[in-house]
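Visitor: model this:
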Amino acid sequence: MSTELSIHDQIVAYQQLLLQHQTARREHQSALIEGVEYLYNEIQDILVEDKNAFETAEENYHHEFNVLKRIFNSSASDYHSKFVLPYKELYHQRKDLNKKVSELLNDVKQQSQAIESRTHWNGSICVVYNPITGQIEWRKYWHGGVHGVFNPCTGLIEWKERYHSGVYGVFNPRLNEIEWKTQHNGGVHGVYNPSLGIVEWKTAFRRGVGGVYNPSTGKIEWKTEFNGGVVGYYDHQSQTVQWIKKWHHGIALIVWDPVIQTYLTTSSCGWYDNED
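Guide: Next comes the predicted model:
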């Protein structure tokens with residue numbers, strides 16, 4: 001039972017890494033990958049030993065006590081409690097820890113990517129980056145729209161939801177306020193145009209709407225998607241706007257902008273059902 005001593009250390013290591021993941025800024029998540037991977041691989045190796053030890057102990061138990069002895073002989077229960085149960089508990093404890101570390105590793109790797117998008121069936125999804133804390137917040141809304149905007153004047157994220165409608169908000173730095181628009185049974189999207197100093201809007205009936213400011217042209221590029229979501233981002237390397245779309249899903253996107261050295265977020269939030 002030598003590995004029994006290591007399970008406590010591994011649990012403590014996992015808790016420390018989880019806390020770092022939850023409190024670290026998104027742009028620093030990649031620094032955690034090596035530590036989480038090391039712990040994951042270590043648990044994987046010992047988990048095989050735990051499983052073999054548990055299976056061997058169980059085989060010895062069944063060999064030592066047949067079915068009748070297990071029912072009528074109290075020593076069989078004592079033997080199982082002393083020589084089988086500890087291996088079983090250790091194996092399942094390590095197996096549960098392995099699952100948690102695996103999920104943590106996937107989360108850390110996902111947040112370390114320069115681009116991350118998520119979808120939500122038959123509804124909307126939104127992601128907002130808080131530049132003060134470096135944290136992000138995801139929200140979903142079924143059969144309607146949801147959108148959030150970080151307000152630098154208050155340091156808070158403001159949210160709005162609309163049933164059977166698209167909703168979108170954009171912070172206008174000239175007015176120092178968030179502008180909001182909704183579209184029943186459709187999509188709506190807004191983008192601040194620094195060349196004009198205004199927020200430009202586009203709505204569409206039964207369609208998702210996406211918009212991206214293209215610094216090369218000084219104009220907003222728009223795209224719509226029938227009964228689906230569409231989002232875009234400006235790719236500095238190719239100097240073009242790249243688009244992501246998905247039928248009957250809301251889409252949220254967060255992307256690292258290497259020029260301004262921060263994350264930009266966008267969403268396709270709307271409702272496209274044709275029964276209304």
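Visitor: tally of neighbours for Ser216?
Guide: 10 (other Cβ atoms under 10 Å). Glycine gets a C-beta too; all of them are placed from N, C-alpha and C.
Visitor: any idea how far it is from Tyr141?
Guide: As judged by Cβ to Cβ, to the nearest Å, Ser216 and Tyr141 stand 34 Å apart.
Visitor: show me where the stretch 51-200 of the chain has its strands.
Guide: Assigned by DSSP state E, counting those that start in this stretch, the stretch 51-200 of the chain shows strands spanning 115-121, 123-130, 135-142, 144-151, 156-163, 165-172, 177-184, 186-193, 198-205.
Visitor: can you redo these as JSON lines with mean neighbour count?
Guide: Listed next are the strands of the stretch 51-200 of the chain as JSON lines, based on neighbours: other Cβ atoms under 10 Å:
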{"stretch": "strand 115-121", "mean neighbour count": "17"}
{"stretch": "strand 123-130", "mean neighbour count": "24"}
{"stretch": "strand 135-142", "mean neighbour count": "16"}
{"stretch": "strand 144-151", "mean neighbour count": "23"}
{"stretch": "strand 156-163", "mean neighbour count": "16"}
{"stretch": "strand 165-172", "mean neighbour count": "23"}
{"stretch": "strand 177-184", "mean neighbour count": "18"}
{"stretch": "strand 186-193", "mean neighbour count": "23"}
{"stretch": "strand 198-205", "mean neighbour count": "18"}
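Visitor: can you lay out those strands as TSV showing distance to Glu27?
Guide: Output for these, formatted as TSV (distance: least, Cβ to Cβ, whole Å):
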stretch	distance to Glu27
strand 115-121	13
strand 123-130	10
strand 135-142	11
strand 144-151	16
strand 156-163	18
strand 165-172	21
strand 177-184	24
strand 186-193	23
strand 198-205	27
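Visitor: including distance to Phe83 and mean pLDDT, could these go into CSV?
Guide: Output for the strands of the stretch 51-200 of the chain, formatted as CSV (distance: least, Cβ to Cβ, whole Å; pLDDT from 0 to 100):
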stretch, distance to Phe83, mean pLDDT
strand 115-121, 48, 96
strand 123-130, 51, 97
strand 135-142, 48, 96
strand 144-151, 55, 97
strand 156-163, 56, 96
strand 165-172, 62, 97
strand 177-184, 66, 96
strand 186-193, 64, 96
strand 198-205, 69, 96
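Visitor: of all those, which lies closest to Pro86?
Guide: strand 135-142 (41.0 Å; Cβ to Cβ).
Visitor: which helices and strands does the closest one pack with?
Guide: The contact analysis (3 or more Cβ pairs under 8 Å, 6 or more residues apart in numbering; DSSP states H and E) places strand 135-142 against strand 115-121, strand 123-130, strand 144-151, strand 156-163, strand 249-257.
Visitor: closest one to Pro194 among the ones you listed?
Guide: With Cβ to Cβ as the criterion, Pro194 lies closest to strand 249-257 of the helices and strands packed on strand 135-142, at 13.6 Å.
Visitor: quick one: buried residues of that closest one?
Guide: Neighbour counts over strand 249-257 (16 or more other Cβ atoms under 10 Å) mark His249, Gly250, Ile251, Ala252, Leu253, Ile254, Val255, Trp256 as buried.
Visitor: in JSON lines, list the residues you listed along with pLDDT.
Guide: Converted to JSON lines, the buried residues of strand 249-257 look like this (pLDDT from 0 to 100):
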{"residue": "His249", "pLDDT": "94"}
{"residue": "Gly250", "pLDDT": "95"}
{"residue": "Ile251", "pLDDT": "96"}
{"residue": "Ala252", "pLDDT": "97"}
{"residue": "Leu253", "pLDDT": "98"}
{"residue": "Ile254", "pLDDT": "98"}
{"residue": "Val255", "pLDDT": "98"}
{"residue": "Trp256", "pLDDT": "97"}
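Visitor: need the max-distance pair from these.
Guide: Taking Cβ to Cβ as the measure, these span a maximum distance of 23.1 Å, between His249 and Trp256.
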